[in-house]
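Chemist: here you go, sequence then predicted model.
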Protein chains: 2
Amino acid sequence: MAAASNVPGAQTPSIHSDRRITFSLKAPDATTLQVAGGDGLGMGPFPMTKGTDGTWSVTTPPSVPGFHYYWFVLNGVEVNDPASETYFGYGKETSGIEVPETGADFYAIQNVPHGEVRTKWYLSKISGEWRRAIVYTPPGYDDHSAAHYPVLILQHGSGEDETGWTHQGRAQFILDNLIAAGKARPMIVVMDRGYAQRAGTPPMPGPTGWLQNHTSFEDVVVHDLIPMIDASYRTIPDREHRAMAGLSMGGMQTLFITLEHLDLFAYIGSFSGSIIPNIRTANGTPQPFDPNTAYGGAFSDPAQFNKRVKLLWLGVGTAEEDDFRAHIGGTVKTLRKAGVRVEYFESSGTAHEWQTWRRGLNDFAPRLFR
Amino acid sequence: MAAASNVPGAQTPSIHSDRRITFSLKAPDATTLQVAGGDGLGMGPFPMTKGTDGTWSVTTPPSVPGFHYYWFVLNGVEVNDPASETYFGYGKETSGIEVPETGADFYAIQNVPHGEVRTKWYLSKISGEWRRAIVYTPPGYDDHSAAHYPVLILQHGSGEDETGWTHQGRAQFILDNLIAAGKARPMIVVMDRGYAQRAGTPPMPGPTGWLQNHTSFEDVVVHDLIPMIDASYRTIPDREHRAMAGLSMGGMQTLFITLEHLDLFAYIGSFSGSIIPNIRTANGTPQPFDPNTAYGGAFSDPAQFNKRVKLLWLGVGTAEEDDFRAHIGGTVKTLRKAGVRVEYFESSGTAHEWQTWRRGLNDFAPRLFR
């Protein structure tokens, strides 16, 4: 069947019942054509074969379920599939394919009350630019004008942007479904652009240049974003009702921002995020994780930490690279050994991909604000 | 300078001060490469030249200001420019370039209060599907919980979708600026997907198959969209506070929907929209426009029409095809001769493109709900 991520009317990419995928492109004058993509598509690139009408095609081996970025390589150039919607990833608009997972309806749009996804423009004092935040308001937000809500700040990964969680991630449907089932507390979810340059400083190279300038995004969150959200929406503006989480780069950012600002956050989630215990002083390879000194000593008094932080949640996919899984799982062990309370989540069979993070959100959100 | 429509960090397309545009793409293994695009880019396709490092480039003649779709033709295949954001047009995601117009700041994001752009999912009884409407709420909507607002339904063109007016069109900034200047009344703007198939009927071919089934979208507007909007937002739910407008296909739809439902609409706008006076009975070429019989006789009693309809607004760009401009301008003359009050707007020097429609909205919106 045609993938749900296709543009209307496009018959390919087509997903078979065993999750093999047929890709095709009409290109009579191309001399080489391949399809390639993210981890979940399996090994690539896959050479495509030219048919008599000039349409090239290939059927790839069974894919992992979930959302996968992909692209054609047309005479050596990576280009999008005109038959696919595009999603911001790798620092640009990229084709993507949604491969259904049997029995998984937690991120499907269902016949339940739906929240809204709002685009909110705000002027940042830190970066001196108009920034765009994406804000999920829960079902009934407009109808209950006296109600106030907790806030989750939820960040994308490197090369992605503020649209990732609601486009690739389907976070709004995950929340709608959890809230309808009574499994999660109605909350506001704020997704911001995880890059910032301080006003008057030269731009960093490419969208991922943030690492050289990582405290600028931190300052946007602390000094611009949170005050704007609390002024614009009916929040409960205290640390017990404010969470931050993110995936990959966004998880890394979450850890160093929240652990520096425990006065602002009581709930913390890192989805497949690198743990860089000394990011504020790093000038090279991260140091080994030492709970006494990591993140400025945030964990040095575990009893105090456990009292103050209601949730520290770390997750990873079991099909992520072994080193990376060991990196996150190992940190969890070290923290637990030191007496720090930490929740650990593994997504079975999924890689450094959105299906891991959708499942992560589905586990994480119900634990918030309890 | 790098176009504002580029993805972050991309140096080309680059717009020169005389509005020539330099496009480039690294493609060492391509054998032919061109750039082509919509009317405002001038004659195309433009052959690109390969440099010693494998990067192809071309500088095109001065462009008309505004937003233009474009694409590369790489070994005969139309592909997007990885350096550009994508915009839904031509039934697929397409690259676009924003060429500044000197002195035109009416669609710029300015330091004024901003409304929100909301994504609203709703279940359509007519089409049996979850549909996505884009809803602009004016600045202060959340702060004035007793205020009620008039509603403009604003539709995209053929091959585009519900995201067009806020992405290509920048309608939210046009409204923000007009409202801040006191030139337009604060209003809710609803942008829906201008295609629909009735539940249980086979899909029309491609996204533009609507014409064979045009009353299904009409029924979605009348029976699903308007009731949903009035139930979900603080509207003033009467005809004197409800407008509909659209561009191209959306203008055509606006005319046949509103003129059949004057009990629902008192303000009507068609931006570069074909006038098909007999669309409900058409089985081929439209008949000549006869004010006595057009649109089921909606204009047959001009005095009554003028009393009932507060605004009928038709617009076109002076650089649109001569026949098309004569078609719209001629209809205006015929209507006026018959005694029908109609506003006519010409956008100077612009074609069947978004700059025409941005200017149209900037003229149209201030006339609403007065």
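Modeler: Arrived safely. All figures in this text were calculated on a predicted structure; none of them were measured in a lab.
Chemist: does A:Asn177 count as helix, strand or coil?
Modeler: Look at A:Asn177: counting by DSSP: H, G, I helix; E, B strand; the rest coil, its state is helix.
Chemist: same check on A:Tyr122?
Modeler: A:Tyr122 - assigned by three-state DSSP - is strand.
Chemist: what about it, how many neighbours?
Modeler: Neighbourhood size, A:Tyr122 [other CB atoms under 10 Å in any protein chain shown]: 20. Backbone N, C-alpha and C define where each C-beta goes, glycine included.
Chemist: what of A:Gly54?
Modeler: The burial count for A:Gly54: 14, using other CB under 10 Å.
Chemist: could I get the phi/psi values of A:Ala338?
Modeler: phi -80, psi -10 (degrees, to the nearest 10).
Chemist: with A:Val220 instead?
Modeler: Backbone torsions of A:Val220, given as degrees, to the nearest 10, read phi -60, psi -50.
Chemist: what sits against it?
Modeler: By CB atoms under 8 Å, 6 or more residues apart in numbering or on different chains, A:Val220 lies in contact with A:Ser124, A:Ile126, A:Ser127, A:Arg131, A:Asp192, A:Ala196.
Chemist: what about 10 Å?
Modeler: Contacts for A:Val220 (CB atoms under 10 Å, 6 or more residues apart in numbering or on different chains) come out as A:122, A:124-127, A:129, A:131, A:192-198, A:226, A:228.
Chemist: those helices in chain A, which residues are they?
Modeler: A:164-167, A:171-180, A:214-219, A:226-232, A:249-260, A:294-297, A:302-308, A:322-337, A:354-364 (DSSP state H).
Chemist: which residues does the longest one contact?
Modeler: Meaning helix A:322-337. So helix A:322-337 is contacted by A:248, A:251, A:255, A:270-275, A:277, A:286, A:288-291, A:294, A:299, A:302, A:305, A:312, A:314-321, A:340-346, A:351-352 (CB under 10 Å, 6+ apart).
Chemist: going through these, which ones are buried?
Modeler: A:248, A:251, A:255, A:270-275, A:277, A:289, A:291, A:294, A:299, A:302, A:305, A:312, A:314-317, A:319-320, A:340, A:342, A:344-346, A:351-352 (16 or more other CB atoms under 10 Å in any protein chain shown).
Chemist: the contacts of A:Val220 in strands, which ones?
Modeler: Among these, the members falling in strands (DSSP state E) are A:Tyr122, A:Arg131.
Chemist: out of the contacts of A:Val220, which end up buried?
Modeler: For those, a burial check counting by 16+ other CB under 10 Å picks out A:122, A:124, A:126-127, A:131, A:192-197, A:226, A:228.
Chemist: show me where pLDDT drops low in chain A?
Modeler: Scanning chain A with the threshold set as pLDDT under 70 gives A:43, A:203-213, A:282-286.
Chemist: chain center to stretch A:10-22: distance?
Modeler: 25 Å (CA atoms, centre = their mean, to the nearest Å).
Chemist: hmm, back to that, determine which two of the contacts of A:Val220 are furthest apart.
Modeler: Pairwise distances across the contacts of A:Val220 (CB to CB) peak at 19.4 Å, for the pair A:Gln197 and A:Ile226.
Chemist: mind listing what the closest residue to A:Thr356 other than its chain neighbours touches?
Modeler: Excluding the flanking residues, the one nearest A:Thr356 by CB to CB, 6 or more residues apart in numbering or on different chains is A:Gly317, at 3.7 Å. By CB under 10 Å, 6+ apart, the contact list for A:Gly317 reads A:39-40, A:64, A:66, A:271-272, A:324-325, A:328, A:345-353, A:355-357, A:359-360.
Chemist: beta partners of A:Gly317?
Modeler: A:Ser347 (DSSP bridges).
Chemist: the residue nearest to A:Tyr87 when sequence neighbours are not counted pairs with what?
Modeler: Distances taken as CB to CB, 6+ apart put A:Gly96 closest to A:Tyr87, at 4.4 Å, once the chain neighbours are dropped. In this structure, A:Gly96 bridges to A:Tyr69 when assessed by DSSP bridges.
Chemist: A:Gly96 and A:Val7 touch, don't they?
Modeler: No. Between A:Gly96 and A:Val7 there is no contact under CB atoms under 10 Å: 11.7 Å.
Chemist: the two: who's more crowded?
Modeler: Neighbours per residue (other CB under 10 Å) separate A:Gly96 from A:Val7, with A:Gly96 holding more: 26 against 20.
Chemist: now the more buried one: how far from A:Tyr90?
Modeler: According to CB to CB, to the nearest Å, A:Gly96 stands 11 Å off from A:Tyr90.
Chemist: who touches both of those two?
Modeler: Taking CB under 10 Å, 6+ apart as the contact rule, A:Gly96 and A:Tyr90 both touch A:Gly38, A:Tyr69, A:Trp71.
Chemist: tell me the contacts of the second one?
Modeler: Yep, that's A:Tyr69 we're talking about. A:36-41, A:84, A:86-87, A:89-90, A:94-97, A:159-160, A:168, A:353-354.
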